[in-house]
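*Asks:* Kindly generate the corresponding structure for this input.
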Amino acid sequence: MHVFRSIFAKRRALLPRICFATFVFFPTFLLPDLKAEHFFSPLSEITASFFFAGENNHLMENRDGTILRKGGNLLIYESGKFQNGAFSLNYQLKQTLNKTEKKIEIHRFFANYLFGRFQIEAGKNNAEAGPGENKLLLSKNCLPYFLLKAKTQKPLNLWGKWNFFILNGWLHEKRNDVSNPQIFVFRISYSPYNFIEIGGMRSTLHAGNGRPKYKIWEYPYLLLGVEENITGSKWDNDGYAAYDITIKIPEEKLPDYLDELNIYYQDAGTDMAAFWQKEDKKYYFPLGFRLQLHAYLAGIFIKTRKNSCKLEFTATNPLFYTHHWYHTEGYSYKGASIGLPYGRNSQNFTFTHYLKFRKIYNITYKLGFLRQPAFNAAKEMKRYYAIIKAGKEFKEKTIELFLRFDKTENYDASPQPNQYSVLSGNKRFITAGISYTFK
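*Replies:* Numbering: from 1, shown residues only. Model prediction:
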């Protein structure tokens with residue numbers, strides 16, 4: 001009896017503190033943003049683009065699954081938005097016209113709700129997470145898909161700044177491995193100081209026709225991957241894990257002509273060994289786990305008042321994106337990779353320079369080199385490419401010119417990002433286009 005009284009007394013003593021903490025933090029984290037705008041714009045933006053492609057199935061990197069057919073391609077987008085305080089509804093229609101397609105579709109349709117430092121999103125959209133331009137585990141390289149997403153809109157402050165990201169996506173398509181799979185992504189990043197950010201990320205391709213499905217309360221177990229490599233287990237899926245670090249050189253340490261200097265690195269694995277996994281149960285120094293079948297990303301970003309430059313390198317293991325259930329299309333959606341644009345077994349170097357002048361003009365050029373398959377292959381393709389974009393911005397209009405040159409030593413004829421069919425012979429291509437946007 002005395003024990004119960006003691007416990008009750010302790011809880012009663014804590015009650016004022018709990019009430020005070022709730023009073024302080026509830027408005028900060030949960031209340032909607034009452035200062036948000038209220039408007040309805042049924043047609044807020046129109047973009048019309050025409051591209052001429054010199055090769056079939058030409059991928060426009062990180063542009064929402066845009067794959068051009070050989071010859072002329074006309075793409076038209078109409079966007080609209082409804083916003084009522086913290087709630088917004090966004091939509092985008094798309095029309096495609098080329099030799100093989102004449103299509104009208106709802107490209108995007110999603111709702112957002114902001115409350116305090118958090119954002120919830122549901123509908124048809126795509127998303128990205130992680131460092132770099134060519135992201136390893138979640139990029140906007142593929143078409144929008146149905147998703148449910150939650151993330152921090154503003155960092156949470158607790159001995160530094162914390163950001164969270166969680167997403168489940170439904171990839172509705174007929175495939176040659178497992179049709180209609182799902183993707184689950186979780187990311188956490190921590191900045192103890194303004195000049196450093198440390199991130200961790202998990203991504204799992206799961207479910208689909210004939211495969212197990214999970215209740216919402218089972219996702220934490222899915223996230224941990226406790227039985228991910230046990231054949232026949234309900235939890236046997238294609239999982240990925242990554243850690244990354246970004247160093248942001250403090251402004252006071254930079255020369256006067258530099259505004260920003262960032263260096264970033266990410267290491268990912270399509271498999272891992274860890275002490276909490278049933279088939280492993282071994283501690284790996286220092287974090288307790290070890291990534292396997294790696295992919296790497298490293299880069300440096302420099303910015304001045306009118307210029308920005310980025311140098312980036314990526315490499316993926318031959319089994320990356322195709323490990324083991326989803327072995328054909330793998331980590332892709334409707335012909336485009338969900339991660340790196342060029343998929344598995346690749347090495348890619350890019351250098352990008354952006355220049356803005358007279359406030360309304362901008363020029364971007366990008367130089368790149370791709371090798372695929374890069375490892376353990378009898379024949380490989382080497383692709384050298386250069387991209388030039390020039391734009392002019394008006395009050396309500398933007399015009400952009402696009403020109404790309406490609407030269408290959410051998411040629412990959414496969415339309416799938418995670419499969420390749422290398423043919424002998426060198427090829428050259430030109431892709432040219434013009435885009436007009438009216439807001």
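*Asks:* helix or strand right after the lowest-mean-pLDDT helix or strand in the chain?
*Replies:* When each helix and strand of the chain is scored by mean pLDDT, DSSP states H and E, helix 2-29 comes last, with a mean of 41. Per DSSP states H and E, the first helix or strand lying C-terminal to helix 2-29 is strand 38-53.
*Asks:* Run the chain-centre distance for that next one.
*Replies:* Distance of strand 38-53 from the chain centroid (C-alpha atoms, centre = their mean, to the nearest Å) equals 23 Å.
*Asks:* Mind checking what helix or strand follows it in sequence?
*Replies:* Assigned by DSSP H and E, the successor of strand 38-53 is strand 58-59.
*Asks:* What residues are bridge-paired with residue 241?
*Replies:* On the basis of DSSP bridges, residue 241 is bridged to residue 202, residue 269.
*Asks:* tally of neighbours for it?
*Replies:* 22 (other C-beta atoms under 10 Å). Bear in mind the C-beta positions are built from the backbone N, C-alpha and C, glycine included.
*Asks:* Touching, it and residue 267? I think so.
*Replies:* No. Contact between residue 241 and residue 267 fails when scored by C-beta atoms under 8 Å: they sit 9.4 Å apart.
*Asks:* Give me the buried positions along stretch 307-323.
*Replies:* For stretch 307-323, a neighbour-count test (16 or more other C-beta atoms under 10 Å) marks 308, 310, 312-317, 319-323 as buried.
*Asks:* can you tell me which of those residues are in helices?
*Replies:* Taking DSSP state H, every one of the buried residues of stretch 307-323 sits outside helices.
*Asks:* Redo the residues you listed as TSV? Include distance to residue 135.
*Replies:* Formatted as TSV, the entries for the buried residues of stretch 307-323 read as follows, by distance: C-beta to C-beta, whole Å:
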residue	distance to residue 135
308	18
310	13
312	11
313	14
314	9
315	14
316	12
317	17
319	19
320	14
321	13
322	18
323	18
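*Asks:* With respect to residue 296, which of the residues you listed is nearest?
*Replies:* For the buried residues of stretch 307-323, the minimum distance to residue 296 (C-beta to C-beta) is 4.9 Å, reached by residue 315.
*Asks:* check contacts around that closest one.
*Replies:* Residue 315 sits next to 295-296, 346-348, 374 when contact means C-beta atoms under 8 Å, 6 or more residues apart in numbering.
*Asks:* Going by distance to residue 380, which of those residues wins?
*Replies:* Using C-beta to C-beta, the contacts of residue 315 come closest to residue 380 at residue 374, 6.6 Å.
*Asks:* List the residues that contact residue 325.
*Replies:* Here residue 325 is in contact with 177-178, 205, 211, 236-238 (C-beta under 8 Å, 6+ apart).
*Asks:* likewise residue 102?
*Replies:* Neighbours of residue 102 in contact, by C-beta under 8 Å, 6+ apart: residue 96.
*Asks:* Quick check: bridge partners of it?
*Replies:* In beta-bridge terms (that is, DSSP bridges), residue 102 pairs with residue 97.
*Asks:* do you know how far it is from residue 334?
*Replies:* 17 Å (C-beta to C-beta, to the nearest Å).
*Asks:* Please apply the same query to residue 269.
*Replies:* Note on residue 269: its distance to residue 334, by C-beta to C-beta, is 26 Å.
*Asks:* Please identify which of these two sits among more neighbours.
*Replies:* Neighbour tally, residue 269 and residue 334, criterion other C-beta under 10 Å: the higher count belongs to residue 269, 21 against 14.
*Asks:* so that one touches residue 295, yeah?
*Replies:* Yes. With contacts counted by C-beta under 8 Å, residue 269 reaches residue 295, the gap being 7.5 Å.
*Asks:* which residues are common contacts for these two?
*Replies:* residue 242.
*Asks:* so who does residue 320 touch?
*Replies:* 268, 270, 293-295, 331, 344-345.
*Asks:* try it again with 6 Å
*Replies:* Contact analysis of residue 320 by C-beta atoms under 6 Å, 6 or more residues apart in numbering lists 270, 295, 344.
*Asks:* Let's have those residues in JSON lines, adding pLDDT.
*Replies:* Shown next, in JSON lines, are those (pLDDT from 0 to 100):
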{"residue": "270", "pLDDT": "91"}
{"residue": "295", "pLDDT": "95"}
{"residue": "344", "pLDDT": "93"}
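*Asks:* Among these, which one sits closest to residue 169?
*Replies:* Checking the contacts of residue 320 against residue 169 with C-beta to C-beta, the nearest one is residue 270 at 18.1 Å.
*Asks:* tally of neighbours for the closest one?
*Replies:* 27.
*Asks:* In contact with it: list those residues for me.
*Replies:* Residue 270 touches 240, 293, 320, 323, counting by C-beta under 6 Å, 6+ apart.
*Asks:* So residue 98 sits against residue 75, correct?
*Replies:* No. Using C-beta atoms under 6 Å as the test, residue 98 is too far from residue 75 to be in contact (9.0 Å).
*Asks:* Settle it for me: which of those two has more neighbours?
*Replies:* residue 75 (21 against 17).
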